[in-house]
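prediction below, plus the sequence it came from.
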Amino acid sequence: MEYIGYFASILIGVALGLIGGGGSILTVPVLVYLFAIEPVIATAYSLFIVGLTSAVGTVGYFKKGLVNIKTAIVFGIPSIIAVFTTRALIVPAIPKELFSIGNFILTKDLFLMLLFAIIMIIASYSMIKKDPKTTSEEPHKQKFNYPLILIEGALVGIITGLVGAGGGFLIIPALVILSKLPMKEAVGTSLVIIAAKSLIGFFGEGGESVIDWQFLFTISTFAIIGIFIGTALSKKINGDKLKPAFGWFVLVMGIYIITKELFLK
């Protein structure tokens, strides 16, 4: 299973390099089901892996001038505060058992996996459905809808903190619609936001677990190799055409997680 896990780690990077937003959403299932890591620890590890791989992914976008620093700061600050607070205060405060009905017990681990599966299903819809408003490549005069950006940034931060997903599937449409960024610039800017909030969120951990640094850096290295492969492939393959297919895969994975956690344990 470990070797399959390492291969899957490369695929996480390939997906991130090829399609940008949503590519990192497979990290938690890989950690939980292929490496047998507890969900709470897996969401923390995912923050580090997603943060580090996204940081490497931003280099190419910076070189091409496809990162809007002002937008990254405006959207990133509420998101970073939210993810740090969630990891430091909210996640440790969730009880080990939330409630029970008959023989069914909703544990903290089960709650996080079900929440993650729901986020996967929502993310898959945004990948499968092509929204004409988010495909604009024309440059617009930038104007910020500050209240909505603050709310969206905080919401994405809370989701990231709880389930360890980067949230690119929420950030990219928000940057295009709320900040009027061209699509490619939105992808580059989203990677900067994801990198910053994920790594800061990881270091905001409430100290629930001992970190296996060797394992973390090994998985991150495989994912980073995958990013370079994905970036190289993106020059030959249109990532936008692959995104719906990846979305269907994420949808199936989300349904599988719900089925496995509720009925197959």
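Structure received.

show me the shaky parts of the chain.
In the predicted model of the chain, residues 20-23, 130-142, 206-209, 239 satisfy pLDDT under 70.

walking through it, point out its helices one by one.
If DSSP state H is used as the criterion, the helices of the chain fall at 2-19, 27-29, 39-63, 69-85, 91-93, 108-128, 146-163, 168-178, 183-203, 213-234, 239-263.

to residue 99, which of those helices lies closest?
Across those, residue 99 has its closest neighbour in helix 108-128 (9.8 Å, C-beta to C-beta). All C-beta atoms are positioned from the backbone trio N, CA, C, and that covers glycine.

who are the packing partners of the closest one?
helix 39-63, strand 97-101, helix 146-163, helix 168-178, helix 239-263 (3 or more C-beta pairs under 8 Å, 6 or more residues apart in numbering; DSSP states H and E).

and if we set it to 6 Å?
helix 39-63, helix 146-163, helix 239-263 (3 or more C-beta pairs under 6 Å, 6 or more residues apart in numbering; DSSP states H and E).

looking at those, which is buried most?
Among the helices and strands packed on helix 108-128, ranked by average contacts under mean count of other C-beta atoms under 10 Å, first place goes to helix 39-63 (a mean of 23).

how near is the closest residue to residue 159 other than its chain neighbours to residue 100?
Closest residue to residue 159 apart from its sequence neighbours, by C-beta to C-beta, 6 or more residues apart in numbering: residue 167 at 5.7 Å. Using C-beta to C-beta, to the nearest Å, we find residue 167 at a distance of 31 Å from residue 100.

for residue 204, phi and psi?
phi -90, psi 10 (degrees, to the nearest 10).

quick check, it in contact with residue 85.
No. Assessed by C-beta atoms under 6 Å, residue 204 is found out of contact with residue 85, at 7.6 Å.

tell me which of these two has more neighbours.
residue 204 (21 against 17; other C-beta atoms under 10 Å).

quick one, what contacts that one?
84, 87, 88 (C-beta atoms under 6 Å, 6 or more residues apart in numbering).

what's the neighbour count on the last one?
What it means is residue 88. Neighbour tally, residue 88, other C-beta under 10 Å: 17.

if I look at it, how far off is residue 70?
Taking C-beta to C-beta as the measure, residue 88 falls 27 Å from residue 70.

give me the number of neighbouring residues for residue 65.
Other residues near residue 65 come to 9 when the count uses other C-beta under 10 Å.

how about it, phi and psi?
phi 70, psi 30.

can you check the one 3 residues further on too?
Backbone dihedrals for residue 68, given as degrees, to the nearest 10, come out at phi -100, psi 100.

apart from its chain neighbours, what residue comes closest to it?
residue 189 (4.8 Å).

residue contacts, the one you found?
Applying C-beta under 6 Å, 6+ apart, the residues contacting residue 189 are 67, 68, 71, 72, 175.
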